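Student: model this:
(one chain, ligands or ions: 2)
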Amino acid sequence: MTNDEILLNTLDYVRQELQDDSSGHDWWHVRRVWRNAVAICEREGADRFVVELAALLHDLDDWKLDPSADGRPVRAEAWLARMGVDAQVIGAVCSIITHLSFKGAGVENRIDTLEGRIVQDADRLDAIGAVGIGRAFAYGGHKGRAMHDPDEPPRFHATFEDYKNSRGTTVNHFHEKLLLLKERMNTGTAKRIAEARHAYMEDFLEQFMKEWDGLDV
Ligand code: ADP
Ligand code: NI
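Tutor: Ligands and ions are numbered 1, 2, ... in the order given. You can find the predicted model right below:
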């Protein structure tokens, strides 16, 4: 199979698998991450095959969808083996997927390859801006969380365990994660894109708080 055929098959497979997800890990999220990753990759000059595979497969084994998977990308790995992908490429892709996701404000999760940094940036870009706001409220609704509670301050999660078990409001999620992402972008390309998306979220929160207390009425 050529690399292009493997990518096309992978795209079809992931689209099927994540079609009905309502927790923010649907196929359209993957499509945005994949397209952003390709665009960043072209500017930053990394191995495009690894970047595309990791972007397409990055949410297939997410701990929030399958808590038993324990962060190991078992389904992604099995799929790549089925496609006859080189062991070295499988290793690179699975390592990226394992290290990708945000694990709490105080938990370091830096990735040590350019390909990994690009996919991580692309995934983080989709958590901020207008789409990020939409995803946060969709996720909060899916989990039955309150939008906002003025009596509940945001928390700084020092461990992954702590972050994983948190049941905070969606507005707190902005302070606990989304507003921190701009500073954590790896590549110059993503940092530039993040500026505008970050400013948009700040404006949104300011307006949200005004409306919450009826200050604009
Ligand atoms: P990603 O796919 O970007 O790694 P996550 O898997 O952490 O993101 O979460 C998926 C989406 O759900 C993201 O947009 C994220 O901001 C949102 N989300 C995650 N946890 C919460 C939460 N506690 N409250 C609101 N939104 C959340
Ligand atoms: Ni994702």
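Student: Report the secondary structure element holding Gln88.
Tutor: Here Gln88 sits within helix 87-100, counting by DSSP states H and E.
Student: mind listing what's buried in the helix or strand bottoming out on mean pLDDT in the chain?
Tutor: The helix or strand of the chain with the poorest confidence is helix 160-165; it has a mean of 80 (mean pLDDT, DSSP states H and E). Using 16 or more other C-beta atoms under 10 Å as the test for burial, helix 160-165 gives Phe160, Asp162, Tyr163. Quick note: C-beta positions are derived from backbone N, CA and C, even for glycine.
Student: can you tell me which residues contact the residue nearest in space to the middle of the chain?
Tutor: By C-alpha atoms, centre = their mean, the mean C-alpha position of the chain lies nearest to Asp123, the distance being 3.7 Å. By C-beta atoms under 8 Å, 6 or more residues apart in numbering, Asp123 lies in contact with Val33, Ala55, His58, Leu100, Ser101.
Student: Farthest-apart pair in those, please.
Tutor: Ala55 and Ser101 (13.3 Å; C-beta to C-beta).
Student: between the two, which one's more packed in?
Tutor: Taking neighbours as other C-beta atoms under 10 Å, Ala55 and Ser101 compare with Ala55 leading, 31 against 17.
Student: Please look at that one and His29 and confirm they touch.
Tutor: No: counting by C-beta atoms under 8 Å, Ala55 does not reach His29; the two are 10.7 Å apart.
Student: sorry, back to before: considering only the buried residues of helix 160-165, which also neighbour ligand 1?
Tutor: Counting by C-beta under 6 Å from any ligand atom, nothing from those sits close to ligand 1.
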